[in-house]
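J.: Here is my input, please return the structure:
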Amino acid sequence: MKKLNIRNFYKQILFAINVLNSILIAVCCSLYFIYSPSFSSISFLTLLFPVFYVFNLCFFIYWILKLDLRFILSLLIIIIFLYNSLSIYNINNQSSVENGLNIMSFNARLFNRYNWIKNESLITETEDFFKRESPEFIAIQEFHKDYEYIFKDYNYSHIFLSGNSYGKSIFSKNKIIKKGVIAFDNSSSNAIYADIVIKSDTIRVYNAHFESFKFDLYGSKEEISILKMINKYKSTYKLQKEQSDVLINHINNCPFSIVLAVDMNNTQHSFVYRRLKEKLDDSFVISGKGFGSTYRFNFLPFRIDYIFASPSISTNNFKIYKQKLSDHNPISVYLNI
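T.: The predicted model follows:
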């Protein structure tokens with residue numbers, strides 16, 4: 001009898017954790033659809049949505065194996081939030097035939113200017129990488145002017161430096177007929193764009209970098225303390241939302257089909273992502289596979305770099321390159337215009 005009571009007690013504790021996990025999943029999915037400054041302090045939970053969902057699957061399997069009706073809660077969570085869960089891992093049967101013009105996006109982290117990565121040949125490897133891949137268009141976030149020579153084969157460029165030597169750039173093999181900069185208030189982040197002629201058509205390529213959380217996931221325990229992360233996320237999330245509003249408003253007034261390369265500093269489970277996806281197609285969803293992790297973090301797959309395109313532009317063969325050239329992975333996709 002005593003063993004039975006202990007077993008029931010443990011099951012009750014486990015189910016209480018199951019209920020809490022279900023509530024967290026519901027909160028994450030609500031934050032995907034709703035933005036309010038009042039909720040910004042808990043919006044960091046969306047980063048952990050995949051973890052909560054995996055826990056829910058484990059609970060589901062556990063209760064099923066125990067022939068316990070408490071599996072119904074986890075089953076309901078799976079059914080109700082199936083739409084959100086599909087974005088965790090992308091299963092795609094599209095062929096990998098390379099068709100169209102290739103665009104690449106890359107947060108270069110100043111091309112390792114300050115030796116964050118201990119690799120003396122990294123610049124040579126970066127130069128060889130771009131020569132080998134040779135995309136028609138390249139969008140670089142955290143660009144440094146001292147490494148412009150890497151892209152000497154590109155006849156057209158738009159380089160905007162926020163500081164004395166760093167900023168963003170767009171390189172193109174096709175003619176650029178107009179360039180511009182979109183400022184974001186209360187931030188050093190911004191976006192740039194270039195109107196590019198392709199045969200008898202014109203497209204606009206945007207290169208944007210939303211506000212960063214400015215904490216080092218590999219830093220000291222003090223740096224990555226939960227409270228510090230929450231406070232930073234609250235203010236950063238508000239700025240990201242404002243920046244996405246400014247960018248979307250600019251896109252709405254663009255007369256051309258557009259391609260947006262963006263380091264969004266947030267995942268596909270966020271409200272900011274949903275706002276952009278309402279207007280544009282996420283090329284990874286269309287032709288990418290797997291978790292789509294673009295930020296080099298060992299513990300969770302973070303997809304924070306994106307290439308979006310107008311519905312009028314079809315995309316294929318989305319790639320994530322695993323070369324360690326930065327703390328971000330380069331990404332590319334082919335465009336049919």
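J.: how near is the closest residue to residue 150 other than its chain neighbours to residue 111?
T.: Leaving out its chain neighbours, the residue that sits closest to residue 150 by Cβ to Cβ, 6 or more residues apart in numbering is residue 127, at 4.8 Å. For the C-beta atoms, the positions are set from N, CA and C on the backbone; glycine is no exception. Separation of residue 127 from residue 111 (Cβ to Cβ, to the nearest Å) stands at 10 Å.
J.: more crowded one of those two?
T.: residue 111 (20 against 16; other Cβ atoms under 10 Å).
J.: The more buried one touches residue 126, doesn't it?
T.: Yes. Judged on Cβ atoms under 8 Å, residue 111 makes contact with residue 126 at a distance of 6.4 Å.
J.: Now do the shared contacts for those two.
T.: 147, 150 (Cβ atoms under 8 Å, 6 or more residues apart in numbering).
J.: Go ahead and report the secondary structure state at the residue nearest to residue 150.
T.: Three-state assignment for residue 127 (DSSP: H, G, I helix; E, B strand; the rest coil): helix.
J.: shaky segments in the protein?
T.: Residue ranges of the chain with pLDDT under 70: 1-4, 93-97, 214-229.
J.: Give me the most central residue, this structure.
T.: When Cα atoms, centre = their mean is applied to the chain, the residue found nearest the centroid is residue 304 (1.7 Å).
J.: For residue 332, which non-adjacent residue is spatially closest?
T.: residue 104 (4.1 Å).
J.: my bad, should have said residue 308
T.: residue 280 (3.8 Å).
J.: what's the answer for residue 101, then?
T.: residue 136 (4.4 Å).
J.: Show me the strands in the stretch 1-150 of the chain, by range?
T.: If DSSP state E, counting those that start in this stretch is used as the criterion, the strands of the stretch 1-150 of the chain fall at 101-107, 137-144.
J.: export these to TSV and tack on distance to residue 211 and mean neighbour count?
T.: Output for the strands of the stretch 1-150 of the chain, formatted as TSV (distance: least, Cβ to Cβ, whole Å; neighbours: other Cβ atoms under 10 Å):
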stretch	distance to residue 211	mean neighbour count
strand 101-107	14	24
strand 137-144	12	26
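J.: For the stretch 1-150 of the chain, which segments count as helices?
T.: 2-33, 49-65, 71-80, 82-85, 122-133 (DSSP state H, counting those that start in this stretch).
J.: Kindly calculate the angle that the last one makes with strand 137-144.
T.: Okay, so that is helix 122-133. 170 degrees (axes from the mean of the first three to the mean of the last three Cα atoms, to 10 degrees).
J.: How about residues contacting helix 122-133?
T.: So helix 122-133 is in contact with 102, 104, 108, 111-112, 119, 138, 147, 150-151, 153, 321, 323, 325, 330, 332, going by Cβ under 8 Å, 6+ apart.
J.: same check, this time on the third one
T.: Helix 71-80 has contacts (Cβ under 8 Å, 6+ apart) with 15, 18-19, 22, 25-26, 56-57, 59-60, 63-64, 85.
J.: And for the fourth one?
T.: Residues outside helix 82-85 that contact it (Cβ under 8 Å, 6+ apart): 28-29, 32, 49, 53, 78, 269.
J.: what touches both of residue 127 and residue 111?
T.: With Cβ under 8 Å, 6+ apart as the test, residue 127 and residue 111 both reach residue 150.
J.: one step back: quick check on the contacts of helix 71-80: which are buried?
T.: 18, 22, 25, 56, 59-60, 63, 85 (16 or more other Cβ atoms under 10 Å).
J.: Among these, which one lies nearest to residue 211?
T.: residue 25 (26.2 Å; Cβ to Cβ).
J.: Around the residue lying closest to the closest one once chain neighbours are set aside, how many other residues sit close by?
T.: Spatially, and ignoring its direct neighbours in sequence, residue 25 is nearest to residue 52 (4.9 Å; Cβ to Cβ, 6+ apart). If you count neighbours by other Cβ under 10 Å, residue 52 ends up with 22.
J.: I'd say residue 180 and residue 204 touch.
T.: No. With contacts counted by Cβ under 8 Å, residue 180 stays clear of residue 204, the gap being 9.0 Å.
J.: Those two: which has the busier surroundings?
T.: residue 204 (20 against 14).
J.: Who does that one form a beta bridge with?
T.: residue 195, residue 258 (DSSP bridges).
J.: Also residue 332?
T.: residue 104, residue 319.
J.: For it, give its distance to residue 199.
T.: From residue 332 to residue 199 the distance is 21 Å (Cβ to Cβ).
J.: same question, residue 304
T.: Going from residue 304 to residue 199 by Cβ to Cβ gives 33 Å.
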